[in-house]
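J.: would you be able to build a 3D model of this:
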Amino acid sequence: MEIRTDLALEAKELVNEKIDGLEVSTDYEDKIKITKMKIVNQQAANRLGKEKGTYITCEFKALTDEFTSADKKLTVIGDQLRSVIPPRGNILVVGIGNHNITPDALGPKAASKVLATRHITGGLAAALGFDNLRSVCVVTPGVLGQTGIEVGELVKGIIRSANIQAIIAIDSLASRKLKRLGCTVQISDTGIAPGAGIGNHRNILNSATMGVPVISMGVPTVVDAATLAADLLYPNDDFDNEKLRDSLLQKFKEMVVTPREIDLLIDRASQLIGMAINLALQPELSCEDLFSLVR
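T.: Alright, predicted model coming up:
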C-alpha cells in the first residue's frame, strides 16, 4: 500500500534507516523545529520518492491554537525562504489551487497577502520611499477546470513577458498524519506539482520545465483517507496484511480528511505564508510596514 505524503520529512520517517546521499540537520528557533534535508544523489531520491534538492520543514504549535500578526513564525519562515531564493532578479509568486474549495485555497489566499511591486518604479518608488523594493509579480492562475489552461502554460508566458528570474509557488499539501495539519510548513527548491494536496497532480513546475528556479511553499491541509486508516490500524507502519491493505485502498482511495476548523486554518496559514514571503523578499521593511501595505 502506498503511504501518501507530500512532506519529505515524513518520507524519511517511513524509510526509518540511514540513507546514503541524504544530509539531515535539525535546529530550534523560538520553539520552532527546523529540519533541513538535502537529497544529493539519485539513489537517495529514489529511496525517498522525492526529487533531488533541499527540503526545509518548520514545525510549530497548531495555527488554530496560536497565531498573532506579529508572530515570530513569520520571521523564522521568512529567513528560511530567503536562504533558498536567488538574491536578485524579478520574482513571480504563484498561488496554486481552487479558491472555492477550502482545503485547496491556501495558494490563492496566501498570494493575496503578497506585496506586488513590479509596477512601483522610478518617481513613484522615490515618492513612496520604496527605492529598494524588490520587483515582485503575483498571480493566481486558477485551476484547469476553471480556465481550460494548465498552470504551467500560464506561468511560462509570464516568465517570458516579465523577465522572471525565479518562482515561488504556494500550494496545499497532504500529510500522512493528522497531527501535522496546520502546524507544518515545507519549503523546497525542487518545484511543485499543482494539485498535489488533493491528489489531482498536474504538470510539474520546476527548473527543468520553467527554465528558472522554482521554490515551493506549502502547509498540509489534508490527509489521504486510506493513509489515515492505515496509520490508525498500523501505528508502527507494519503493513503485512496485504488483503486488509488493499481493502483500505479500494474503499478510501477517492477520499481525503481535513480538520473541522479548516476555514480558520486556511486563513491563518495563508497570512503566515504570504507575510513570510514578504519578509523574505523585502527585508528592509518591517512586519508592521508590510501589514499596513497588504491589508
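
J.: strands along the protein, start to end?
T.: 22-29, 32-39, 53-59, 90-95, 136-139, 164-175, 184-188, 214-224, 256-257 (DSSP state E).

J.: most tightly packed of those?
T.: strand 214-224 (a mean of 27; mean count of other C-beta atoms under 10 Å). (Glycine included, C-beta is placed from N, CA and C.)

J.: tell me the strands beside that strand, with direction?
T.: Strand partners for strand 214-224, identified by DSSP bridges, are recorded as strand 164-175 (parallel), strand 184-188 (antiparallel), strand 256-257 (antiparallel).

J.: put the alpha carbons of the longest helix anywhere in the chain into CSV.
T.: Of all segments of type helix in the chain, defined using DSSP state H, the longest is helix 262-281. Written as CSV, here are the backbone C-alpha positions of helix 262-281 (Å, rounded to 0.1, in the frame of the first residue of the first chain):
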residue,chain,number,x,y,z
ILE,A,262,-10.2,24.1,8.2
ASP,A,263,-11.5,27.7,7.5
LEU,A,264,-9.5,29.1,10.4
LEU,A,265,-6.5,27.0,9.5
ILE,A,266,-6.5,28.3,5.9
ASP,A,267,-7.0,31.9,7.0
ARG,A,268,-4.1,31.8,9.3
ALA,A,269,-1.8,29.7,7.2
SER,A,270,-2.3,32.0,4.2
GLN,A,271,-1.4,35.0,6.3
LEU,A,272,1.7,33.2,7.6
ILE,A,273,2.9,32.1,4.2
GLY,A,274,2.1,35.4,2.5
MET,A,275,3.8,37.6,5.1
ALA,A,276,6.8,35.3,5.4
ILE,A,277,7.2,35.7,1.6
ASN,A,278,7.0,39.5,2.0
LEU,A,279,9.7,39.4,4.7
ALA,A,280,11.9,37.2,2.6
LEU,A,281,11.7,39.4,-0.5
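
J.: in it, what's buried?
T.: Within helix 262-281, the residues that count as buried by 16 or more other C-beta atoms under 10 Å are 262, 264-281.

J.: and it, what does it pack onto?
T.: With contacts taken as 3 or more C-beta pairs under 8 Å, 6 or more residues apart in numbering; DSSP states H and E, helix 262-281 sits against helix 72-82, helix 106-111, strand 164-175, strand 184-188, strand 214-224, helix 287-294.

J.: switch these over to CSV; also include distance to residue 90 and mean pLDDT.
T.: Conversion of the helices and strands packed on helix 262-281 to CSV gives the following (distance: least, C-beta to C-beta, whole Å; pLDDT from 0 to 100):
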stretch, distance to residue 90, mean pLDDT
helix 72-82, 16, 94
helix 106-111, 16, 96
strand 164-175, 5, 96
strand 184-188, 20, 97
strand 214-224, 14, 94
helix 287-294, 19, 81
